[in-house]
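Participant: Build the 3D model from these lines:
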Amino acid sequence: MDRVTSVIRWLFDSKHGASDRVIPRWIFLRALGCIYFSAFFSLVFQIRGLIGPEGILPAGEYLRAVSGSVGYIRGLWFAPTLLWLASGPHMLTALCWVGLGASLLLALNLWPRGMLVICFLCFLSFVSAAQDFSGYQSDGMLLEAGFIALFFAPAGFRPGMGAASPPSRASLFLLLWECFRIYFESGVAKIIGGDPEWRNFTAMDEYYQNGPLPTWIGWYIQHLPHWFHASTVFATLALELVLVWMFILPRRWRIACFFIVTPWQLVVILTANYTFLNYLVLMLGFLLLDDRFVLWIVPQRWRNFFAVCGVGESDEKQEASAEVAQHPQDRAHGWRDGFVRQLKMLKLSLVAVVLSWIFYATTVELIWMFSEIPLPTAPVAALEPFRMANRYGLFGIMTRGRYEIEFQGSEDGKTWVAYPFRYKSQDLSTAPGIYAPYQPRFDWNLWFASLGSWRDYPIVPRTEVRLLSNDRDVLSLFEKNPFPNEPPRQVRAVIWQYWFTTVSEKRTQGLWWRRQFLGLYAPTIEREPDGTLRGVEWPTVGPRE
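Facilitator: The predicted model follows:
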């Protein structure tokens, strides 16, 4: 029993934590605060148009459908969100601003554990009620990392470097485990997905063009020769399936792996707008480093600063400091008291159960990618609504063409005027920008919708209906309103196919894109003089199987 207790303390107790990862933890938590900030900042300008009462997929309507389908009590677990209390515009705005404030305080290192709780609850509240607007792997990555960081962060209101409260070994392992799975499961998905483009080394030939939101740097890389793109396919598979195992090798291998994955993520950030996804993976990679390496590469004045903060002290000295700093009242009143000791052990046992639960669920998800081994599914299903134990698989199937949905309005059914997007490629002469980590969820979702039928993506006909009434919240998702005086009589959604221009076309015509009209994507909807709508097939909103 004593040996089991010692193992639990070694794994889950911060007092016996990884005292050599204080600086990487400090960097990661500051970056996590900035990533949360970017997520909430983008929602401030979008959330009412996305899930507000007059938005495209109203959260209130969705939660009522959930309650009617599975009952209110089960609905709370099915959709864990604070929006059950209220889902009006003021509540949505408050959710974003509270999340913004908490993420800023996390970045400033003020009460990190408390701020992580607030950030997690606010972001989970949005994700659980946003329906199609939150079905991204990046959301799951952030929620998983944000929850584990609760056990990774130092205690206290102003913990500084937190040398007296080092990260627990289990939380450190789970964050690295998440980073490993993001790479490895993505590599596995490319193999078991059966996409011939990965087997034929052609997956990257049009990758920079066909992603959700390309960048101007991607335009130039797209025009490099095939041998370059084929070599990046090989490098991608080698990194995700082989090199990533350096995560679990001795220290020198882990540090070498850091210098491989870091520039890799920086290149992806510059060549594609994948919101905060690559920023999060980039910062998870910093946990491969340790204090000794960081102190070796930083200037002497920084080493002196870290020394003052207690970084680099011996384990025995840090343990003694932790006892004095964290538990002075225990020492004064007899910290060996049996009740206090049992209370601490109960808390430690709870932490052990939660983190072990996450490890089991994520491990089972990984195993099931290879074989449906009959393992208990209840622990996996129970965590699913909270998105803290996910399966990843980026780019298992490559997109073979770039299609763009465009909304158009008309007064007479003959002359059609396009609604300009804020971030999507629409003006052929405008260079595609770099927006990440900002996430334009409406523009992003339309890319997914363009690959399927409008019947599977209710956001398209619902947007058409909102545009027929000049709904202010939905119009804010566009760059401007081409019908400022009164709404159009008809709205339709058409689809185009886009290609990057060639180098010669770019040089002679100044165009970044060329496109071809393919036809209607969704039914045209018309507003009658009495206000009724004709041609509308209103998709229902509710829980999906």
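
Participant: By residue count, tell me the biggest strand in this protein.
Facilitator: For the chain, the longest strand by residue count, based on DSSP state E, is strand 513-527.

Participant: burial of the closest residue to residue 503 other than its chain neighbours, as a residue count?
Facilitator: Counting by CB to CB, 6 or more residues apart in numbering, residue 503 lies nearest to residue 223, which is 5.7 Å off, once chain neighbours are set aside. No exception for glycine: its C-beta is placed from N, CA and C like everyone else's. Other residues within reach of residue 223 by the criterion other CB atoms under 10 Å amount to 13.

Participant: And residue 74, by the same measure?
Facilitator: Around residue 74 there are 12 other residues, counting by other CB under 10 Å.

Participant: before we move on, back to that, and the pLDDT at the residue nearest to residue 503?
Facilitator: Residue 223 is assigned a predicted lDDT (pLDDT) of 96.

Participant: counting contacts, what elements does the longest strand of the chain pack onto?
Facilitator: Strand 513-527 is packed against strand 402-410, helix 459-467, strand 490-500, strand 533-534, with contacts defined by 3 or more CB pairs under 8 Å, 6 or more residues apart in numbering; DSSP states H and E.

Participant: who wins for proximity to residue 152 among those?
Facilitator: Comparing these by their distance to residue 152 (CB to CB), the top pick is helix 459-467, with 36.0 Å.

Participant: Contact partners for the residue nearest to residue 503?
Facilitator: Contact partners of residue 223, counting by CB atoms under 8 Å, 6 or more residues apart in numbering, are 500, 502-503.

Participant: Which of the helices or strands spans residue 218?
Facilitator: Remark: residue 218 resides in helix 216-222, with elements defined by DSSP states H and E.

Participant: what comes up buried for that helix?
Facilitator: Across helix 216-222, burial judged by 16 or more other CB atoms under 10 Å covers 217-219, 221-222.

Participant: returning to that earlier point: tabulate the contacts of residue 223 (TSV), appending pLDDT and neighbour count.
Facilitator: Below are the contacts of residue 223 laid out as TSV (pLDDT from 0 to 100; neighbours: other CB atoms under 10 Å):
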residue	pLDDT	neighbour count
500	97	24
502	96	13
503	95	11
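
Participant: between these, which is nearest residue 488?
Facilitator: So of the contacts of residue 223, ranked by how close each gets to residue 488 (CB to CB), first place is residue 500, at 31.8 Å.

Participant: residue boundaries of the strands in the stretch 101-250 of the chain?
Facilitator: Taking DSSP state E, counting those that start in this stretch as the criterion, the stretch 101-250 of the chain carries no strands.

Participant: center of the chain - which residue?
Facilitator: The geometric centre of the chain, computed from its C-alpha atoms, lies nearest to residue 138 (CA atoms, centre = their mean), at 2.4 Å.

Participant: Settle this for me: it is touching residue 280, isn't it.
Facilitator: Yes - taking CB atoms under 8 Å as the definition, residue 138 is a contact partner of residue 280 at 7.3 Å.

Participant: returning to what we had before: direction included, what does the longest strand of the chain pair against?
Facilitator: For strand 513-527, the paired strands and their directions (DSSP bridges) are strand 490-500 (antiparallel), strand 533-534 (antiparallel).
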